[in-house]
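Visitor: Based on what follows, work out the 3D shape:
(chains A, B, C and D)
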Number of protein chains: 4
Amino acid sequence: MKRLKVGIIGAGRIGRLHAENLVRRLPGAELVAIADVVEEAARICARELGIPRAYGDPASILKDPEIEAVLICSSTDTHADLIEQAAEAGKHIFCEKPIALDLDSIDRALAAVERAGVVLQVGFNRRFDPSFSAAREAVAAGRIGRPHILKITSRDPAPPPIEYIKVSGGIFLDMTIHDFDMARFLMGEEVVEVYAAGTVLVDERIGEVGDIDTAIVTLRFESGALGVIDNSRRAVYGYDQRVEVFGDRGMVRVENPRPHQALVSNADGDHGPPLLHFFVERYTDSYVRELSAFVEAIQKGKEPPVTGRDGKIPVVMGYAAKRSLAEGRPVRLSEIDPSLA
Amino acid sequence: MKRLKVGIIGAGRIGRLHAENLVRRLPGAELVAIADVVEEAARICARELGIPRAYGDPASILKDPEIEAVLICSSTDTHADLIEQAAEAGKHIFCEKPIALDLDSIDRALAAVERAGVVLQVGFNRRFDPSFSAAREAVAAGRIGRPHILKITSRDPAPPPIEYIKVSGGIFLDMTIHDFDMARFLMGEEVVEVYAAGTVLVDERIGEVGDIDTAIVTLRFESGALGVIDNSRRAVYGYDQRVEVFGDRGMVRVENPRPHQALVSNADGDHGPPLLHFFVERYTDSYVRELSAFVEAIQKGKEPPVTGRDGKIPVVMGYAAKRSLAEGRPVRLSEIDPSLA
Amino acid sequence: MKRLKVGIIGAGRIGRLHAENLVRRLPGAELVAIADVVEEAARICARELGIPRAYGDPASILKDPEIEAVLICSSTDTHADLIEQAAEAGKHIFCEKPIALDLDSIDRALAAVERAGVVLQVGFNRRFDPSFSAAREAVAAGRIGRPHILKITSRDPAPPPIEYIKVSGGIFLDMTIHDFDMARFLMGEEVVEVYAAGTVLVDERIGEVGDIDTAIVTLRFESGALGVIDNSRRAVYGYDQRVEVFGDRGMVRVENPRPHQALVSNADGDHGPPLLHFFVERYTDSYVRELSAFVEAIQKGKEPPVTGRDGKIPVVMGYAAKRSLAEGRPVRLSEIDPSLA
Amino acid sequence: MKRLKVGIIGAGRIGRLHAENLVRRLPGAELVAIADVVEEAARICARELGIPRAYGDPASILKDPEIEAVLICSSTDTHADLIEQAAEAGKHIFCEKPIALDLDSIDRALAAVERAGVVLQVGFNRRFDPSFSAAREAVAAGRIGRPHILKITSRDPAPPPIEYIKVSGGIFLDMTIHDFDMARFLMGEEVVEVYAAGTVLVDERIGEVGDIDTAIVTLRFESGALGVIDNSRRAVYGYDQRVEVFGDRGMVRVENPRPHQALVSNADGDHGPPLLHFFVERYTDSYVRELSAFVEAIQKGKEPPVTGRDGKIPVVMGYAAKRSLAEGRPVRLSEIDPSLA
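Guide: Presented below is the predicted three-dimensional model:
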């Protein structure tokens, strides 16, 4: 099969990570250009990875006639507009999460994608983690029967800088959004109601800018099943990412992988290593697999595994959680977006 | 040290379990009498275990001058009155949980105990489980720093008969009550607010009698820490009892013990045995250790490790959870018992 | 069923352990007498456990007409003679391992048992450990196919006193003998050849009295399968007892149980407790289950699960290992006992 | 630092694996040419990976003046000659194991390397596995004290074709050779004596060509410590690669990694996935890390982490094991190579 010609918008951490994967680990695609508003960043990346063209503005990518698909890896506030423009330019689109922090922008972007008939895949990479996808397969195959309880533990090793937190949209839209997506993915059904409890225990400055750093979010699914997510911005033992789905015929759990399997036993007991540090280490394979799925969806004309709607609903859930926290009551998703009633 | 003379009221399952432990595994105590309203049950138990005296009514135990301490193992509705009577008779008291399903009765019973100056220990046996007590020790010793998030998973292998459920007070007072105690025990602090989500997924008949069988309960502690309990009346893989306390310097987790350590690996993967069936198998040691602690508290004049107040608060929490479920909002414990404000 | 009347010869550590189990945990048997050459030891044990009669010599047990079965728990050098006498007295016999350190004595004892037609069970308690018996069941049920490789790790927490080692018969007859039995038990077939490598690494004094403290013993089974045992007299992390059987359709492994299931994770990694200290803690249940099987064999007229021959062969293996170590070559069991050719 | 110019000799499975790693994952090196006696194989590989030059004979690589280092990935019988020629051409050398199946050829090759003063690293990749290197670090750091017992389990998922086995040199030189290297690596000391037990249980045809498929090899180290390796040509549950070093202050163990961390629990128990299939999956990272270490050794003028001597000794051990098996006795390495006395 002919290799898919790809361009990347944004040469920051995640853009570069995708660029490396495209160049080194995705034989089905060819990365032909990268753009960044800081043109020098695009140039450095292009030189180091042997990417043919580097641009100082995203528009050049969208105008490049050779490019069939774009990866939008720029800052969140640019995502929705770039999706609209890319769709109008007839490019297939992979966009990092979230599509936008406001629902109107998301709806406009999705409408543009629909009009253009291009593929849009949103970057919820965790679905492609080998363990989480194995868990989803176990649920989908009926190995645990009808799901009753979902549990997700998601704790970062350390909070981001306060300046980032200020513009992040808050923990539910910045961090829990991944868990909201995981909840829908693992269960294969929609959440109808959210109750969020939250507090500031990790760093007072997070509270001072109006956010929280520790949360427990209860979910109610349309089938009546329940779910719970617990979040912390700081786990000293490393990036803690576990899930569990409990059903009427069994349970599937995903524990954290370890950096290595060596275990020391001495008079004090058994001692193993701390967890992998953060998402770059933990989710290495998932980034390759999500782009591989994107390429395959385009080449085989299949629905992408993470759709525009999949990109929108977790944002709605994030707003429901915010309102729940503010008002101290469970909030239905239809209160945020009446179209979900 | 002289052996403590003990009498048991109630020769049902739990009474008999305590009787066996007293006879076989507690050298510091001597079981001298057992009573049951079904006198034949008391006689059979006495004969099989070599207990000197068997009675057909609890009053005979309370009047028996040799007896220094009584174990109240009769039905829940008799607990509070028997505590009052035993206290008036100057007996030390071990009472199975719950003290009562109404708070007035509990308060009267506790007042009687205080007047009499006897020891009262309530039967929250799980505190004495070697794993859970090791977890508590880790928290108390500061090994995980300041606690931020508590998690308890508590799932029974199968629901009790519907007839039992009808009079049980509901899942929060019958089943979650153990987890409410565990939450206070592990954290070493009080819960101030409860939010309960619940549903009927295991057995429709449970819903028909006004109860639920699946629940997620969010807790807010006085320090600001959060907690979550998930309950199910039926886990097909066995009795699932796990806890986790996450803090700013680490985490302590308790996984389920296994009936044995043999693991088979074949072309399909690794295969281990199901969990221990239920509380009798899982908490074997805890029952011995709780009575041992009771005997020691009396003999050494120490405060018992589970006090009357420890017996009352989980009932308050159960009522708060019930109200939360009914009203769809978080409920403060002080709404149930203003003395806790 | 009528309770089996039992007498114990030997009120030392293991005799007392069996006495407690008989009194407290074996409803099918009744311990009516205990004897010890130190009569005071027998008296103390009898008083504490409520055993009706205490004697200062074993003969009194053998003459006691009420006694149907005896447990021989005296020092090793007395086992064979006591078996002969007990058999002649028509008593069923449970004898601690080893039957004797010389094969002639064993043969004489077994002949006496056969003449008398009584039950003889030898005290290889590890067979009754829940994990090891589950492993044996997996092998016997064909879950791992035809066995190819057996592995046993058996390490004590600390060496016994040098005075004990001097008279122990050496590590192979004192310690490895349990593993030799385990090898035959797990595989369900006989060993034909042994190669032993050994050394002194734990304590030089062990070498000074002519013994070793560290060994690796290779086994060849009659089916052609291979096995290996590794032994150490001192594992600082606790009593290390693992087995593994690898076959053409899978593998079954037994890992060490833990004293509890609490695990602490912090910035240094994961931390679990040391292993159970020694055999009393690790094999608690196995002692109850072996006596229960002994009682059942007598009451139901079944072959005991550990026969006299099972008591003899590991001693032959021990001598083969000793000769192998001395001569630096593999030794066939038939070189030690030509009847095994 | 300037990128090291590398050429590869041999475009078979392992040559291609190294080529991909050099191109995609080793920024410090530049793969400029690949040669294979089947020139088309070299061409295909070069085209797919963008390698500038492809040759039909190894000599072209050795004559290529731009090339600073060669990777010898051709068939075993060519290794020693190519090492000599490469050394004479002044190229640094990475050579797949084994250097040769006869010791004279090895000695000649090593002498040539020494004369030329080039770097030679032998391809014992397992040393670079993150788990095994963590185990080695634990031993080297004294975390387990003085080593007493080494254990290595090494089982392939399936035997190679009989045609391969015929020319492989036998299991000890083909398969166990990796374990012999691992033994020296983990212990940090030399083996002085080997005793091998072996048999044919997996496939009779392996026996018919004079080889075995199941082995247990006992090692004696110069310090007096003991070791044991168990091998099978077929483990149905996947590639089984475990090590353990037991010392006077503790133990370090490496268990097998899993393809993912999802675990299903149901009424039958717990179920995890089979092991990773074989070395390509299991040792992925080790291949990158070994080349990275090779490049670093050259660029920084350091001793390579696996020397020519490290390449030779396991071959000596293989011959000692063969002789031990044939003669049924322990064999000292000095019997094979008197220079090791």
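
Visitor: what's the span of stretch A:4-13, first residue to last?
Guide: 23 Å (CA to CA, to the nearest Å).

Visitor: which of the residues in that stretch are buried?
Guide: A:4-11 (16 or more other CB atoms under 10 Å in any protein chain shown). Heads up, the C-betas are built off the backbone N, CA and C, glycines and all.

Visitor: Among these, name the ones in helices.
Guide: If you go by DSSP state H, the buried residues of stretch A:4-13 have nothing in helices.

Visitor: I'd like the residues you listed laid out as TSV, including pLDDT.
Guide: Listed next are those as TSV, based on pLDDT from 0 to 100:
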residue	pLDDT
A:4	97
A:5	97
A:6	98
A:7	98
A:8	98
A:9	98
A:10	97
A:11	96
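
Visitor: got TSV for those residues, with distance to residue C:315 too?
Guide: What follows is those, written out as TSV (distance: CB to CB, whole Å):
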residue	distance to residue C:315
A:4	73
A:5	78
A:6	74
A:7	79
A:8	75
A:9	79
A:10	76
A:11	75
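
Visitor: which residues does residue A:29 bridge with?
Guide: Counting by DSSP bridges, residue A:29 forms beta bridges with residue A:4.

Visitor: Was I right to think it contacts residue A:19?
Guide: No. The criterion here is CB atoms under 8 Å, and residue A:29 misses it with residue A:19 at 11.0 Å.

Visitor: Confidence-wise, which helix or strand of chain A is lowest on average?
Guide: Sorted by mean pLDDT, DSSP states H and E, the helices and strands of chain A end with helix A:279-282, the least confident at a mean of 91.

Visitor: Next, the buried residues of that one.
Guide: A:279, A:282.

Visitor: Which neighbouring elements make contact with the helix or strand following it?
Guide: Note on helix A:279-282: by DSSP states H and E, the next helix or strand toward the C-terminus is helix A:284-300. When contacts are defined as 3 or more CB pairs under 8 Å, 6 or more residues apart in numbering or on different chains; DSSP states H and E, helix A:284-300 sits against strand A:4-9, helix A:13-25, strand A:69-72, strand A:92-95, strand A:120-122, helix A:130-140.

Visitor: could you redo those as CSV and give each row distance to residue C:253?
Guide: Shown next, in CSV, are those (distance: least, CB to CB, whole Å):
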stretch, distance to residue C:253
strand A:4-9, 47
helix A:13-25, 35
strand A:69-72, 46
strand A:92-95, 44
strand A:120-122, 43
helix A:130-140, 23
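
Visitor: Lowest average confidence across the ones you listed, which one?
Guide: Looking at those, the lowest mean pLDDT belongs to helix A:13-25 (a mean of 94).

Visitor: Quick one: list the elements packing against that one.
Guide: So helix A:13-25, by 3+ CB pairs under 8 Å, 6+ apart, packs with strand A:4-9, strand A:29-35, helix A:39-49, helix A:284-300, helix D:13-25.

Visitor: contacts for the first one?
Guide: The set of residues external to strand A:4-9 that reach it, using CB atoms under 8 Å, 6 or more residues apart in numbering or on different chains, is A:15, A:18-19, A:22, A:28-36, A:58, A:61, A:64, A:66-74, A:82, A:91, A:295, A:298-299.

Visitor: For PyMOL, write the selection for the buried entries among those residues.
Guide: Buried residues within those, by 16+ other CB under 10 Å, are selected in PyMOL with:
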select buried, chain A and resi 15+18+19+22+28+29+30+31+32+33+34+35+36+58+61+64+67+68+69+70+71+72+73+74+82+91+295+298
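
Visitor: Name the nearest residue to residue A:270, sequence neighbours excluded.
Guide: Excluding its sequence neighbours, the residue lying closest to residue A:270 (CB to CB, 6 or more residues apart in numbering or on different chains) is residue C:272, at 4.1 Å.
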